[in-house]
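Asker: sequence unknown, structure follows:
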Ligand SMILES: [Fe+2]
Ligand SMILES: [Fe+2]
């Protein structure tokens, strides 16, 4: 029996909702079983300095203290309701926001929620072995924080399925615990969430690139006319910010350390850089190319009637929908998408409604470019003549108009032979992975110590010092 206010902090009046209680009581043991099997390896007895959300108030959403991860209180929080909120786009624009699922959109909406929900446990599965090669206690704490919050995001989606979708919702909630990242028979729904995250450079790239896809998807769903979904996503976004911070600063610290060593020893050649036990900038660029391109695929086809339907029916908006100045119906508007025609990449205008995936992808790319610019400044400040670049949008794509074409990072359409000649200048090879993993053969967990291949962060978590004991191993 669950003590609801204590065990599952919430602002959905769980203590009084018997139907929801029964559904969650049934699901919770299965969730814990999944966590023990697929959550961070060997971590169950550690006490970790984690933040827990216990309310949506400013003083409640980030409570810090030592917690064993299986005792983490995965809560259910929705941003408080705005009674005046309306559907802000599509054919229902101007109606009061829906508090129940409109019958005609039931299966579509369930699919949208399941697809979002599936990414949350997937990333925990992808990251589960990384604790044994962490570069510091600080970083170990951060990955565990990301993991428990992805677990909470799963709870958030399962709450919606249980509360609003009856028996189908309960079945979907069980399937969310049955799929496995990378499994041949029962994989996670989206491609990038079946890729391995084999090392810490991949982890930081993932949290920078792929958690940011999460942010943009959540922002689009936070505009939904289905108010409980919008409010859930708004609260999830507060946590997502930390995940992206971990990624951006993680890659930034690796770059910083590499640059320090290059300067100190006056070396530039990648093999000389590697001989000094840090990750050469060329390898960092290849990881960037990989994670960027597989994440771009998550936005789906450039031209999509599903995307148009989601928007027209008021289920999924654009990034910052209510801040945009247009009619929010888009019946006449156009938007440019790329196409590969006769060995050239051309732009053509299509109805804006069908190009909403592409538009969200473009919004994402803009924010990514800013982050890569901040990494570049670390290199520039060290006086090292190396440019990190974002590859062309069509590079290494498997979904949409570029799928089936071989595009160089500069945006040239290539023959298969030309691609093969350069593939591993652009994407990490098995040798690159082996090298990066050779640096991470064990974990660094003495408080205040950092692995040689990464610089310490500028400050600790929650104003704690860098040599704080972020994890107690017991
Ligand atoms: Fe998440
Ligand atoms: Fe995340």
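Answerer: Perfect, thanks for sending it. Note that the coordinates shown come from a computational prediction; the quantities given were computed from them, not determined experimentally. Ligands and ions are numbered 1, 2, ... in the order given.

Asker: what is the lengthiest helix in the chain packed up against?
Answerer: Using DSSP state H to define each element, the chain has its longest helix at helix 227-265. On a contact count with 3 or more C-beta pairs under 8 Å, 6 or more residues apart in numbering; DSSP states H and E, helix 227-265 meets helix 106-126, helix 137-164, helix 200-221, helix 270-275, helix 281-296, helix 356-381. Where C-beta positions appear, they are placed from N, C-alpha and C, glycine not excepted.

Asker: show the end-to-end separation of stretch 383-397, please.
Answerer: 33 Å (C-alpha to C-alpha, to the nearest Å).

Asker: same question, stretch 462-474
Answerer: 23 Å.

Asker: got it, and stretch 72-86?
Answerer: Across stretch 72-86, first to last residue, C-alpha to C-alpha, it's 35 Å.

Asker: that one close to ligand 1?
Answerer: No: remark: stretch 72-86 sits outside contact range of ligand 1, by C-beta under 5 Å from the ion, the gap being at least 12.4 Å.

Asker: distance from that stretch to the middle of the chain?
Answerer: Put simply, stretch 72-86 sits 21 Å off its chain's centre (C-alpha atoms, centre = their mean, to the nearest Å).

Asker: and it, what's buried?
Answerer: 72, 73, 74, 75, 76, 77, 78, 79, 86 (16 or more other C-beta atoms under 10 Å).

Asker: just how off-centre is stretch 336-346 within its chain?
Answerer: 29 Å.

Asker: tell me which of the buried residues of stretch 72-86 is nearest to ligand 1?
Answerer: Using C-beta to the ion, residue 74 is the member of the buried residues of stretch 72-86 that lies nearest ligand 1, at 12.4 Å.

Asker: re earlier: buried set for the longest helix of the chain?
Answerer: Buried residues in helix 227-265 (16+ other C-beta under 10 Å): 227-237, 239-240, 242-259, 261-262.

Asker: residue 467: neighbouring residues, count only.
Answerer: Applying other C-beta atoms under 10 Å, we find 15 other residues in the vicinity of residue 467.

Asker: doesn't it lie inside a strand?
Answerer: No: counting by DSSP: H, G, I helix; E, B strand; the rest coil, residue 467 is located in no strand; its state is coil.

Asker: my read: it touches residue 450, true?
Answerer: No: using C-beta atoms under 8 Å, residue 467 is not in contact with residue 450; the gap is 10.5 Å.

Asker: could you find the closest non-adjacent residue to residue 403?
Answerer: residue 397 (5.8 Å; C-beta to C-beta, 6 or more residues apart in numbering).

Asker: how close does whatever residue of the stretch 101-250 of the chain ends up closest to ligand 1 sit to residue 35?
Answerer: Closest contact between the stretch 101-250 of the chain and ligand 1, by C-beta to the ion, is at residue 153 (3.7 Å). Separation of residue 153 from residue 35 (C-beta to C-beta, to the nearest Å): 14 Å.

Asker: list the helices and strands whatever helix or strand residue 21 lives in packs on?
Answerer: Assigned by DSSP states H and E, residue 21 belongs to helix 18-38. Counting contacts by 3+ C-beta pairs under 8 Å, 6+ apart, helix 18-38 packs against helix 106-126, helix 137-164, helix 166-178.

Asker: which intervals of this structure have sub-threshold pLDDT?
Answerer: Counting by pLDDT under 70, the chain has low-confidence residues at 1-5.

Asker: residues near the residue of the stretch 351-474 of the chain found nearest ligand 2, how many?
Answerer: Closest contact between the stretch 351-474 of the chain and ligand 2, by C-beta to the ion, is at residue 364 (14.4 Å). Look at residue 364: counted by other C-beta under 10 Å, it has 23 neighbours.

Asker: that one and residue 299 touch, don't they?
Answerer: Yes: using C-beta under 8 Å, residue 364 makes contact with residue 299 at a distance of 7.1 Å.

Asker: how about the most centrally placed residue in the chain, nearest residue that isn't a chain neighbour?
Answerer: The centroid of the chain falls nearest to residue 211 when counting by C-alpha atoms, centre = their mean (1.7 Å). Leaving aside its sequence neighbours, residue 211 sits nearest to residue 243 (C-beta to C-beta, 6+ apart; 4.1 Å).

Asker: OK, contacts around that neighbour?
Answerer: By C-beta atoms under 8 Å, 6 or more residues apart in numbering, the contact list for residue 243 reads 146, 149, 207, 211, 214.

Asker: hmm, the fourth one is touching residue 240, no?
Answerer: Which is residue 211. Yes: the criterion here is C-beta under 8 Å, and residue 211 meets it with residue 240 at 6.2 Å.

Asker: before we move on, the earlier item: overlap in contacts, residue 364 and residue 299.
Answerer: Counting by C-beta under 8 Å, 6+ apart, the contacts common to residue 364 and residue 299 are 213, 216.

Asker: residue numbers of the stretch 101-250 of the chain in contact with ligand 2?
Answerer: Going by C-beta under 5 Å from the ion, the residues of the stretch 101-250 of the chain near ligand 2 are 211, 214, 240, 243.

Asker: keep these, but drop any that are not near ligand 1.
Answerer: Within these, nothing lies near ligand 1 by C-beta under 5 Å from the ion.

Asker: how about the nearest residue to residue 94, chain neighbours excluded?
Answerer: Per C-beta to C-beta, 6+ apart, closest to residue 94 is residue 86, 5.9 Å.

Asker: buried ones in the helix holding residue 21, by neighbour count?
Answerer: 20, 21, 23, 24, 27, 28, 31, 34, 35, 38.

Asker: try stretch 404-423
Answerer: Result for stretch 404-423 [16+ other C-beta under 10 Å]: buried residues 405, 406, 407, 408, 409, 413, 414, 419.

Asker: give me the distance from it to the chain's centre.
Answerer: 28 Å.

Asker: do the same with stretch 129-149
Answerer: Per C-alpha atoms, centre = their mean, the centroid offset for stretch 129-149 relative to its chain is 16 Å.

Asker: who's in contact with residue 102?
Answerer: Residues in contact with residue 102, defined by C-beta under 8 Å, 6+ apart, are residue 226.

Asker: so how far is residue 157 from residue 109?
Answerer: 12 Å.

Asker: sorry, wrong one. I was asking about residue 123.
Answerer: 13 Å.

Asker: what's the answer for residue 341, then?
Answerer: For residue 341 relative to residue 157 (C-beta to C-beta), the value is 40 Å.

Asker: for residue 33, same thing?
Answerer: Residue 33 is 18 Å from residue 157, by C-beta to C-beta.

Asker: how about residue 192?
Answerer: Counting by C-beta to C-beta, the gap from residue 192 to residue 157 is 18 Å.

Asker: residue 174 now?
Answerer: Taking C-beta to C-beta, one finds residue 174 at 13 Å from residue 157.

Asker: among these two, which residue is more densely surrounded?
Answerer: Higher neighbour count among residue 174 and residue 157: residue 157, with 27 against 13, using other C-beta under 10 Å.

Asker: just checking, the more buried one touches residue 112?
Answerer: No: applying C-beta under 8 Å, one finds residue 157 not in contact with residue 112, separated by 9.9 Å.
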